[in-house]
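Peer 1: After the sequence you'll find the predicted model.
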Amino acid sequence: MKTKKLAFIDIETTGLDFDANEIIEIAGVVVSDDDTFTVFHEFECKVKPEHIKTANRTALKINKYNDEDWKDALTLTEAMQLFSDKTEDAIMAAHNSPFDWAFLDKAFRTTGVTNKMGHYHTLDTVSVAYIKLRNTPEIKHFSLHELCEYFGIKNEKEHSALGDAKATLELYKKLINL
């Protein structure tokens, strides 16, 4: 699992069920796995949904989905190739990584794109936050929003993939220094 890169990833979806819903946005911030967290690169892309009519309307509202902003979106195959190329040899880190990984794993299998991260390990900031803050009375939930508020992290674009990926990186920095 040792590597020199961490990829802080976030996806936005058309709902909560990876079997029934789709990825509509993917983003990441790839950084050095050391105390400097030097940013190698950031990436983001919108993904054209194939079954928008069956999407969860609440999810679309939260993600601010609209046809106009997604008119030039990538296909899922194009997005997964970009993701694979940008995250090569990195460990995936995410807030609630099992959720993101379930969608990404299905997308890799569906598209046939090779996962270049090279392994299945992920770092989950929800788990780290629970371990470090479970006895903190001010923390009622371990949502990204609440943890960012607790640590004074400003998430400029909440519920956008890149905004949440950047916020997750900042949260991770705070958590590992507790």
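Peer 2: Yep, it's here. Numbering: from 1, shown residues only.

Peer 1: From the centre of the chain, point out the most distant residue.
Peer 2: In the chain, counting by C-alpha atoms, centre = their mean, Pro137 sits farthest out from the average C-alpha position, at 27.1 Å.

Peer 1: Pretty sure that residue sits in a strand.
Peer 2: No - with DSSP: H, G, I helix; E, B strand; the rest coil as the criterion, Pro137 is assigned coil and is not in a strand.

Peer 1: While we're on it, how confident is the model there?
Peer 2: In this model, Pro137 is scored at 96, pLDDT.

Peer 1: now it: how far from Ile26?
Peer 2: 36 Å (C-beta to C-beta, to the nearest Å). (Each C-beta comes from the backbone N, C-alpha and C, glycine too.)

Peer 1: since we're on Gly152, how many residues are nearby?
Peer 2: 8 (other C-beta atoms under 10 Å).

Peer 1: now stretch 91-102: how far from the chain's centre is it?
Peer 2: With C-alpha atoms, centre = their mean, to the nearest Å as the basis, stretch 91-102 stands 6 Å off its chain's centre.

Peer 1: Buried residues, it. List them.
Peer 2: Going by neighbour count (16 or more other C-beta atoms under 10 Å), the buried part of stretch 91-102 is 91-97, 99-102.

Peer 1: Ser84: which of the residues you listed is nearest?
Peer 2: Nearest to Ser84 among the buried residues of stretch 91-102: Met92, at 11.6 Å, using C-beta to C-beta.

Peer 1: Chain neighbours aside, what residue packs nearest to the closest one?
Peer 2: Thr122 (4.6 Å; C-beta to C-beta, 6 or more residues apart in numbering).

Peer 1: out of the buried residues of stretch 91-102, which are inside helices?
Peer 2: Per DSSP state H, helices hold the following members of the buried residues of stretch 91-102: 97, 99-102.

Peer 1: Turn these into TSV, including distance to Ala161 and pLDDT.
Peer 2: Listed next are these as TSV, based on distance: C-beta to C-beta, whole Å; pLDDT from 0 to 100:
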residue	distance to Ala161	pLDDT
Ser97	14	97
Phe99	13	97
Asp100	10	98
Trp101	15	97
Ala102	16	97
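
Peer 1: so where's this protein shaky on pLDDT?
Peer 2: Scanning the chain with the threshold set as pLDDT under 70 gives 1-3, 118.

Peer 1: Helices of that one, residue ranges please.
Peer 2: Counting by DSSP H, the chain has helices at residues 57-62, 76-86, 97-111, 125-133, 144-151, 161-176.

Peer 1: Buried residues in stretch 9-23, which are they?
Peer 2: Residues 9-14, 18, 21-23 are the ones in stretch 9-23 that count as buried (16+ other C-beta under 10 Å).

Peer 1: is the nearest residue to Asp33 once chain neighbours are set aside in a bridge, and if so with what?
Peer 2: In space, not counting the residues next to it along the chain, Asp33 is nearest to Leu6; the distance is 5.0 Å by C-beta to C-beta, 6+ apart. Beta-bridge pairing for Leu6 (DSSP bridges): Val31, Ile91.
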